[in-house]
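A.B. asks: Fold the following for me, if possible:
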Amino acid sequence: MASSTSSPKKPAVVIVGAGAFGLSTAYHLLERGYTGVTVLDRAEHLPAVDAASTDINKVVRSCYGDPEYTRLARQAIEEWRNDMWQNCYHESVCGVLNLGNAYTEQCIINDLEYGAKIERLCSNASIRAQFPSDLRNSGRIGTFTSLDVSSTSYINHDGGWAEAERAVGLLMEHVKKLGANVLPGKTVQELVKDERGQTKGVRCTDDSKYEADVVVLALGSWTASTFPSLNLTGKCLATGQSIATIQLTPEEADEYRKTPVVLDFRTGFYVFPPTDRDVVKFAIHAAGHTFAVPGSTRSTPRTIVSDPDNGLCIPRSALKELRTQLRGVYPALAEKPFSGTRLCWYTDSPDGDWVIGRYPGDSGLVLATSGSGHAFKFLPTLGKLVADVIEDKLDPKLAARFAVDRQVKPPNRERMSIVSQELNIDELCGPEDLI
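C.D. replies: Take a look at the predicted model:
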């Protein structure tokens, strides 16, 4: 006979999407004792090659103008240091150099409030001192003379970068070992509803069906276009962010290896130290580009999977801006050929806050999306928020903030540009533009 004090059975959960939101959610549910966790993903091979989280690296920082994100980021950084991540997270050598304006002044206040190890940089010389002396003395570091250095720039020694694709792969294997059923090649085409209109599962294009007490949609930038009936266009906008890389020689990479992550909040430009494969990646954290397929008004990712010939290409104007911004930090690298480009597709909300909550009127459907360009760094802890939603115990203030039907606030100041542009296919760069 079952004990009257035994815990109630955990609900069965189907998670659609094996990216940062989906896998982190699966992990935290499994850690809480859930046994019926299934993760479905459209990609034939995981991690999906065209997912935003499948990238060589991502910034890990707590420099936010919003104290709540600073608090959450500090928690995530503590988890990144655990053995589970097998040194995917790189902090001790570099840190994050934050260049900026009034926004970064608030970041300093928040970082100090939550105990981050920071140092204000109140002169051009103090900014340049964050780079190896050989680079400074050879003129391979920018002068940073355009900065207002009175109080707005600082180095955060409690930040750095993570090997994104490797981290996602590690988390996926961990989730499998904990008992989740992770199924690639499963493109979900519709939600299955009961007679009351509540979601009770999903049906895939191969006509397979997966029943669940709760369905979590964590499709990233494919969310709005995959489920048009949910009318998420104004909440989950797919935008392509322009990224470029430079391949260095091992000798060149060693010279730049001990540099910080540089993040310029005035322009959105950021650049990483070289990877273990001697690649330098840089990008602009901006509103990005939208793309609507013929016959639709919803922005849909255009990637190497949907467009193998030029799905990695970025607009020439973005390429030019990337080279200009790189020249301000590393003049010598800006004269080298680019080795590659990519449009990395994010899901943006109008106010920059995530969308994590139950879909209005449907207790069986939870959304976990709209990373808005700043979700990956929370990979170790992001799913805790989703699990709290499923268990109806998310902090009420956070629940209201991340709710699907919340009243949207004015955009935060994370990005200088907040108005996206429609992607012009004729303006995409070619090999000759990378030289």
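
A.B. asks: switch to C-alpha atoms for all contacts and neighbour counts from now on
C.D. replies: OK.

A.B. asks: got the CA coordinates for stretch 236-253 in CSV?
C.D. replies: Extracted C-alpha coordinates of stretch 236-253, given in CSV (Å, rounded to 0.1, in the frame of the first residue of the first chain):
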residue,chain,number,x,y,z
CYS,A,236,9.1,36.7,-30.0
LEU,A,237,10.8,38.3,-33.0
ALA,A,238,13.4,36.4,-34.9
THR,A,239,16.4,38.6,-35.7
GLY,A,240,19.7,37.7,-37.3
GLN,A,241,22.8,39.1,-35.6
SER,A,242,26.0,39.6,-37.7
ILE,A,243,29.1,37.7,-36.6
ALA,A,244,32.5,37.4,-38.2
THR,A,245,35.7,35.5,-37.4
ILE,A,246,39.5,35.7,-38.2
GLN,A,247,41.8,32.7,-38.3
LEU,A,248,45.1,33.4,-36.6
THR,A,249,48.3,31.5,-36.7
PRO,A,250,49.3,29.7,-33.5
GLU,A,251,52.0,32.4,-32.9
GLU,A,252,49.5,35.2,-33.5
ALA,A,253,46.9,33.6,-31.2
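
A.B. asks: Now do the buried residues in it.
C.D. replies: 236-248, 253 (16 or more other Cα atoms under 10 Å).

A.B. asks: can you pull out the helices in the chain?
C.D. replies: 20-31, 67-80, 102-113, 124-128, 133-137, 164-177, 223-226, 250-256, 316-329, 382-390, 396-402 (DSSP state H).

A.B. asks: Of all the ones you listed, which one is nearest residue 216?
C.D. replies: helix 20-31 (7.8 Å; Cα to Cα).

A.B. asks: That closest one to helix 164-177, inter-axis angle?
C.D. replies: Interaxial angle, helix 20-31 versus helix 164-177 (axes from the mean of the first three to the mean of the last three Cα atoms, to 10 degrees): 30 degrees.

A.B. asks: and helix 20-31, how far out from the chain's middle?
C.D. replies: The chain centroid and the centroid of helix 20-31 are separated by 16 Å, computed with Cα atoms, centre = their mean, to the nearest Å.

A.B. asks: What helices and strands are in contact with that helix?
C.D. replies: Under the contact criterion of 3 or more Cα pairs under 8 Å, 6 or more residues apart in numbering; DSSP states H and E, helix 20-31 touches strand 13-16, strand 37-40, helix 164-177, strand 362-369, helix 382-390.

A.B. asks: Among the ones you listed, show me which one is buried the most.
C.D. replies: strand 13-16 (a mean of 28; mean count of other Cα atoms under 10 Å).

A.B. asks: What's the mean pLDDT across that strand?
C.D. replies: For strand 13-16, mean pLDDT rounds to 98.

A.B. asks: surely residue 363 meets residue 196?
C.D. replies: No - Residue 363 lies out of contact with residue 196 (Cα atoms under 8 Å); the separation is 10.7 Å.

A.B. asks: burial of residue 113, as a residue count?
C.D. replies: When neighbours are defined as other Cα atoms under 10 Å, residue 113 has 12 of them.

A.B. asks: Contacts only, for it.
C.D. replies: Contact analysis of residue 113 by Cα atoms under 8 Å, 6 or more residues apart in numbering lists nothing.
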